[in-house]
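Asks: Fold the following, please.
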Amino acid sequence: MPSLNVSFTDEELEGVRAAAAAEGKSLKQYLHDLGVREMQRKQFIAGATGWADRLRDEFDQAFPDEVPPAPRGNGAAAA
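Replies: Here you go, the predicted model:
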């Protein structure tokens, strides 16, 4: 299985060890889970953004008072 070495300052390593201990995990498991959790977070955001984009027109039609104003063109003055 691939692995990598990660360098930390003494202060950083102390903080990471404390965070791992707070979750009841080994340092190795904590760092692994942190990377996986970030990957899953990005996948969730991409999926949620895609879902919102697909439903935007339907929402705008159902709630016309909630449609944000269109962006102004170049040189448009604020009212």
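Asks: Helices of the chain, residue ranges please.
Replies: 10-22, 27-62 (DSSP state H).
Asks: mind showing which ranges of the protein have poor pLDDT?
Replies: 72-79 (pLDDT under 70).
Asks: Flag every buried residue along stretch 18-31.
Replies: For stretch 18-31, the neighbour count (16 or more other Cβ atoms under 10 Å) marks A20, Y30, L31 as buried. For every residue, glycine as well, the C-beta is placed using N, CA and C.
Asks: could I get those residues as CSV with distance to L4?
Replies: As requested, those are exported to CSV (distance: Cβ to Cβ, whole Å):
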residue, distance to L4
A20, 17
Y30, 15
L31, 10
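Asks: Including distance to P71, could the helices of the chain go into CSV?
Replies: Formatted as CSV, the helices of the chain follow (distance: least, Cβ to Cβ, whole Å):
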stretch, distance to P71
helix 10-22, 41
helix 27-62, 15
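Asks: Out of these, the one nearest P2 is which?
Replies: For the helices of the chain, proximity to P2 was assessed by Cβ to Cβ; helix 27-62 is nearest, at 11.7 Å.
Asks: Give the buried residues for the closest one.
Replies: Y30, L31.
Asks: Could you check the angle it makes with helix 10-22?
Replies: 80 degrees (axes from the mean of the first three to the mean of the last three Cα atoms, to 10 degrees).
Asks: same for helix 27-62, what does it pack against?
Replies: If contacts are counted by 3 or more Cβ pairs under 8 Å, 6 or more residues apart in numbering; DSSP states H and E, helix 27-62 sits against helix 10-22.
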